[in-house]
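Peer 1: Have a look; sequence and predicted model below, questions after that.
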Amino acid sequence: MSEDHRELAHRLGYAGLVPFVLGCALIWLIGDRDLDQHIFVSLSMSAYAGLVIAFLGGIHWGLSFARGLPGRQPLVWGISAVLLGWLGVVMPAYAGLALHGGVLIACYLVDRRVYPQLGAADWLTLRFRLTAVAALSCFLAAAGS
C-alpha cells in the first residue's frame, strides 16, 4: 500500500470516530430533557456501531478471499460480528451500546490474533486506537441511556 493510501486510511479511520464521540456527548448533553432526541441519538449511535462492527467482520471475509486462506474461521467470525452488531441495534440502547462496546473489543482481540497471519499486522496500532475510543464511547453512551 502506498504511503498516500496509508495516510488516507488513518485519516478516514480517525474521522470514523466522530459519530462515536459526538453521539456519546449528545446522549449526555440531551439527558432526559428531550426523550425523542435522546432516543434518536441513541439509536443513531447504535446503528453506526453496528455498521462498524459489520465492516470489521467483512474485513475477515475480504482478507480470507484475497489471501486464499483455507478454513472456515474467518468466514464464521465475519458473519458472527455482523449478527452481534445487528443484535445490539435491536436491543434497548443501554444494553445494545454496552454490547457494541464489548463486541468492538472482541473484534480487536480477534484481529490481534488473526491479522499477523493475514499479513495485516501493521494495522494493529491503528485498530487499537480506534477500538479504544469507539468502545469507550459506546460504554459511556450506554451509561447515559
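Peer 2: Noted; the coordinates are in hand. Bear in mind the structure is a predicted one, so any value in this text is a computation, not a measurement.

Peer 1: So residue 82: helix, strand or coil?
Peer 2: Here residue 82 takes the helix state, with states given by DSSP: H, G, I helix; E, B strand; the rest coil.

Peer 1: State whether residue 84 and residue 99 are indeed in contact, as I suppose.
Peer 2: Yes - counting by C-beta atoms under 8 Å, residue 84 touches residue 99, with 7.0 Å between them. Quick note: C-beta positions are derived from backbone N, CA and C, even for glycine.

Peer 1: what sits against residue 127?
Peer 2: 108, 111, 112, 115 (C-beta atoms under 8 Å, 6 or more residues apart in numbering).

Peer 1: can you rerun that using 7 Å?
Peer 2: 108, 111 (C-beta atoms under 7 Å, 6 or more residues apart in numbering).

Peer 1: pLDDT value on it, please?
Peer 2: pLDDT recorded at residue 127 is 94.

Peer 1: again, but for residue 44
Peer 2: 96.

Peer 1: And for it, the neighbour number?
Peer 2: Using other C-beta atoms under 10 Å, residue 44 is surrounded by 15 other residues.

Peer 1: any idea how far it is from residue 101?
Peer 2: 16 Å (C-beta to C-beta, to the nearest Å).
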